[in-house]
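>>> just the structure for this:
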Amino acid sequence: MALPHFSPHRGGGLISIGGPKHTELGRWRYGIAATFSTFFDRHPTATREIDELRDALVTLDEARRQWRSGNLADRRKPVSTRAGRRQRRHAAKEIEGSLAVLQPYFDEGLQRFEGEYLSPYEETTWIHLRGRGLPLSGLTVCEQCGLVFPARRARFCDYCRRHPVRISLYPHCEGGWHLDFHVGGRWFNGDRNLSVEYTSECQGCAVSFPANDPKRRFCLNCGSPAGRLRRRRGSRTRTGRQRFRFAHKEGAEYFSVSFTYGPEGRSVNFETTTGVIETSDAEHARVLEANPALKQLP
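I've put the predicted structure just below:
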């Protein structure tokens, strides 16, 4: 499944949604237990049912692909030959048979999740089934928060209609400083956080950094009072004499801290044998300060 997507760094394009896999189809039917591979080892009946659903998806896609592969003008003409009519009846029968298998599965899942937020597993199944044109039967999913609620044509739940997410982009591909953005946390923890976090390219040192303010153009190193002074003086250093020190909350002396940074996934690693981690980079210090196992030293 491919959906339109705009990247502030690359511009417009498509983003592909893989699957749905056995675990994703299984979770829609059997809940969280089906996300473990051993579930299908212990339940052969569920395995056969999920295989039947995947076969129905493949059959539906193939029948539609063959139908679309012909010339549009030819498809609109009445078929005069017996073979042509047989071929059309066969394609229609395959589509109807696939929908007869998928529609009850689709409806039962929506009824099971009514009033709840879909997890990423369930959202993938929703996108694949709804994207293939399966009709709604009184329930739908909010496009902003993923809540399953009663509606036939609404795209957003009542709360999201009153509180729409506002995304203000200054795309890098158009001369701005935004490389990426995302709504909510990177990892799903059951709560819905609809705040927007931007990944920006610092206009002073060209290093990428996260920001909640879309108008923020400088990282913590270049945007601080000392950083502005360094930029005004044309200093070669981007961090100056600033120092940030952190220790383990439990008093450990031998430990290390690693994390990836920026959209390019650069790896940062700190190791210590004295119990103190020290850095001059304010953006790295921001990540270390958020680590619950560390405490900042004066």
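>>> what ranges do the strands span in the stretch 101-250 of the chain?
139-141, 148-150, 178-183, 196-201, 208-211, 244-248 (DSSP state E, counting those that start in this stretch).
>>> for the fifth one, which strands pair with it and how are they oriented?
The reference is to strand 208-211. When sheet partners are counted by DSSP bridges, strand 208-211 sits next to strand 196-201 (antiparallel).
>>> now the partner strand, how far from the centre of its chain.
15 Å (CA atoms, centre = their mean, to the nearest Å).
>>> hmm, who's touching that strand?
165-167, 169, 172, 177-183, 207-214, 216-217, 262-263 (CB atoms under 8 Å, 6 or more residues apart in numbering). In short, each C-beta sits where N, CA and C put it, glycine included.
>>> stretch 114-129 now?
With CB under 8 Å, 6+ apart, stretch 114-129 has contacts from 1, 3, 17-20, 23-25, 27-28, 35, 57, 102, 106, 109, 113, 139, 141, 145-150, 188, 190, 192.
>>> centre of the chain versus it, how much separation?
12 Å.
>>> for stretch 246-254, same thing?
With CA atoms, centre = their mean, you get 35 Å for stretch 246-254.
>>> what is the end-to-end distance of that stretch?
Terminal residues of stretch 246-254 are spaced 13 Å apart (CA to CA, to the nearest Å).
>>> and if you look at stretch 12-30?
37 Å.
>>> buried residues, stretch 284-298. List them.
284-285, 287-288, 294 (16 or more other CB atoms under 10 Å).
>>> over to stretch 119-131?
Buried, per 16+ other CB under 10 Å, within stretch 119-131: 119, 121-130.
>>> now what about stretch 130-142, what contacts it?
Counting by CB under 8 Å, 6+ apart, residues outside stretch 130-142 touching it are 1, 3, 57, 60-61, 99, 102-103, 106-107, 110-111, 114, 118, 123, 126, 147-152, 154-157, 160.
>>> change it to 6 Å
Contacts with stretch 130-142, where a contact means CB atoms under 6 Å, 6 or more residues apart in numbering, come from 1, 103, 106-107, 110, 114, 126, 148, 150-152, 156-157, 160.
>>> and stretch 218-235, by the same measure?
Contacts for stretch 218-235 (CB under 6 Å, 6+ apart): 202-205, 207, 209, 238-240, 282-283.
>>> buried stuff in it?
218-224, 227, 230-231.
>>> same check on stretch 260-270?
261-262, 268, 270.
>>> got it, and stretch 39-53?
39-40, 43, 46, 49-50, 53.
>>> so what touches that stretch?
Against stretch 39-53 from outside (CB under 6 Å, 6+ apart): 22, 25-26, 33.
>>> ok, 7 Å please
Stretch 39-53 is contacted from outside by 22, 25-26, 30, 33, 101-102, 105, using CB atoms under 7 Å, 6 or more residues apart in numbering.
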